[in-house]
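In: fold the following, please.
(one chain, ligands or ions: 1)
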Amino acid sequence: MHPRALVMAAALLITLPTAAAGLRDLAQAAGIHFGTAVNVEALNTDAAYAHLLAREFNLVTPENAMKFTVVHPERERYDFTQADALVAFAEAHAMQVNGHVLVWHQQLPDWLMQGQFSQDELKAILREHIQTLVTRYRGRVASWDVAAEAVGEDGQPRDTFWSRGIGPDYLALAFRWAHEADPQAHLRYNDYGGEGAGAKADGIYRIVADLRWQGVPIHGVGLQMHVSPDDAPPSKDLRANLQRLAALGLATHISEMDVMLPVPASRANLNKQAVIYRDTLKVCLAQPQCRSFSTWGTTDRYSWIPEYFPGKGAALLFGEDGQPKPVYESVRRVLRAARASKR
Ligand code: 9MR
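Out: Predicted structure coming up:
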């Protein structure tokens, strides 16, 4: 064999296994978890989707399966069918599970919203709800979004069913109850629209800082990152925000990223999208406390965006057909480079 051919064959041997590896392997080597929200109905019916999940991700968040209305549809009845299916799938594929979400103002069942409960009754209901879920999955769900979206657009605590019914300390109580039920679980606060600079980012910072100062068991903050090319935060602002949260002793997570585009998506917009994902991931990888990077869905086929933002979509790494989009390659390149530099 010509020596040049030998060198090329050797190079192929070295690069082939890496090229075949999913993003999860590259992410693991780079020191973070790479995650996605999972649509459990699709998981149960679409084998190609399940295969993609198992290949590319090592962290899953149930998109809806653990929400109050799904898991606790009547006061005395829980339904863990979907949640159990997700956790079993994750265990079979060596994935971590992030439970989502224990205290949120959306997707609450009628029995709860219309129940006219007293403050003490609501506290008892919330405590029982949280501890039933966290206890059931103790040791199997590694982290929980204990609370989400408790800050309004103006940066002030959001006025919600829970804040009105229990009072402002409902957040602290929720974290304490979750911690009681699973002292090993990583407990997160999760919000959108406060990734960079501004009133909302400051409001999120104040709420989690206050919880820390009270000694509440909160361990991490998820910045959701539902953005578009028009409103993605500049890298320098995201960096500064991750930095100040880390300085509170908190881990950080990019928890629900998607970048919505007008559909059908133009080549130019797909390229912009690739840059936004790339830059966000780079900032996370450069911050030692940034532990995970998750997208809010896997293929554009099951994304929440088209239903909520008509005319928009194409927000994720894989197209409707399950094939990787330009953004996939750019994410892959960043992970490979990070692995090489041994975070
Ligand atoms: O993607 C979820 C969608 O299927 C639900 O209909 C919706 C209900 O409000 O919630 C979506 O997920 C949200 C998540 O739970 C919290 N952060 C924002 C997400 C997108 O709205």
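In: look through this structure and state the residue closest to the ligand.
Out: Trp304 (3.4 Å; Cβ to the nearest ligand atom). Every residue, glycine included, has its C-beta placed from N, CA and C.
In: quick check: phi and psi at that residue.
Out: Here the main-chain torsion angles of Trp304 (degrees, to the nearest 10) amount to phi -70, psi -20.
In: and for it, the neighbour number?
Out: Residues near Trp304, counting by other Cβ atoms under 10 Å, number 19.
In: would you mind listing what in the stretch 51-200 of the chain touches the ligand?
Out: By Cβ under 6 Å from any ligand atom, the residues of the stretch 51-200 of the chain that approach the ligand are 63-64, 106-107, 148, 192.
In: can you pull out the residues in contact with the helix or strand Tyr49 falls within?
Out: Following DSSP states H and E, the helix or strand that holds Tyr49 is helix 47-56. Helix 47-56 is touched from outside by 22-24, 34, 36, 38-39, 42-43, 60, 89, 93, 95, 298-299, 302, 317-318, 322, with contacts defined as Cβ atoms under 8 Å, 6 or more residues apart in numbering.
In: among those residues, which ones are in strands?
Out: Cross-referencing those with the strands (criterion: DSSP state E) gives 34, 36, 38, 60 as the overlap.
In: make JSON lines from these and add pLDDT to it.
Out: Converted to JSON lines, the ones in strands among the contacts of helix 47-56 look like this (pLDDT from 0 to 100):
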{"residue": "Phe34", "pLDDT": "98"}
{"residue": "Thr36", "pLDDT": "99"}
{"residue": "Val38", "pLDDT": "98"}
{"residue": "Val60", "pLDDT": "99"}
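In: so how do I select the buried members of those in ChimeraX?
Out: Here is the ChimeraX selection string for the buried members of the ones in strands among the contacts of helix 47-56, based on 16 or more other Cβ atoms under 10 Å:
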select :34,36,38,60
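In: and the ones in strands among the contacts of helix 47-56, which is closest to Val275?
Out: For the ones in strands among the contacts of helix 47-56, the residue nearest Val275 by Cβ to Cβ is Phe34; the value is 18.7 Å.
In: how about the contacts made by the closest one?
Out: Phe34 sits next to 23-24, 26-28, 56-59, 292-294, 335 when contact means Cβ under 8 Å, 6+ apart.
In: what about His226, how many residues nearby?
Out: If you count neighbours by other Cβ under 10 Å, His226 ends up with 20.
In: and it, bridged to which residues?
Out: In this structure, His226 bridges to Asp258 when assessed by DSSP bridges.
In: surely it and Asp191 touch.
Out: No - the pair His226 / Asp191 is not scored as a contact, 10.6 Å apart, by Cβ atoms under 8 Å.
In: what about the helices in the stretch 101-250 of the chain?
Out: Under the criterion DSSP state H, counting those that start in this stretch, the stretch 101-250 of the chain contains helices at 110-113, 119-136, 161-166, 170-181, 199-213, 235-247.
In: dump those helices into TSV; add mean neighbour count, distance to Thr280 and mean pLDDT as well.
Out: What follows is the helices of the stretch 101-250 of the chain, written out as TSV (neighbours: other Cβ atoms under 10 Å; distance: least, Cβ to Cβ, whole Å; pLDDT from 0 to 100):
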stretch	mean neighbour count	distance to Thr280	mean pLDDT
helix 110-113	14	35	98
helix 119-136	17	30	98
helix 161-166	18	30	98
helix 170-181	21	26	98
helix 199-213	19	15	98
helix 235-247	18	7	98
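In: a markdown table please, covering the ones you listed and showing distance to Phe68.
Out: As requested, those are exported to a markdown table (distance: least, Cβ to Cβ, whole Å):
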| stretch | distance to Phe68 |
| --- | --- |
| helix 110-113 | 7 |
| helix 119-136 | 7 |
| helix 161-166 | 10 |
| helix 170-181 | 12 |
| helix 199-213 | 21 |
| helix 235-247 | 27 |
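In: which stretches of the stretch 201-343 of the chain have low pLDDT?
Out: Counting by pLDDT under 70, the stretch 201-343 of the chain contains low-confidence residues at 340-343.
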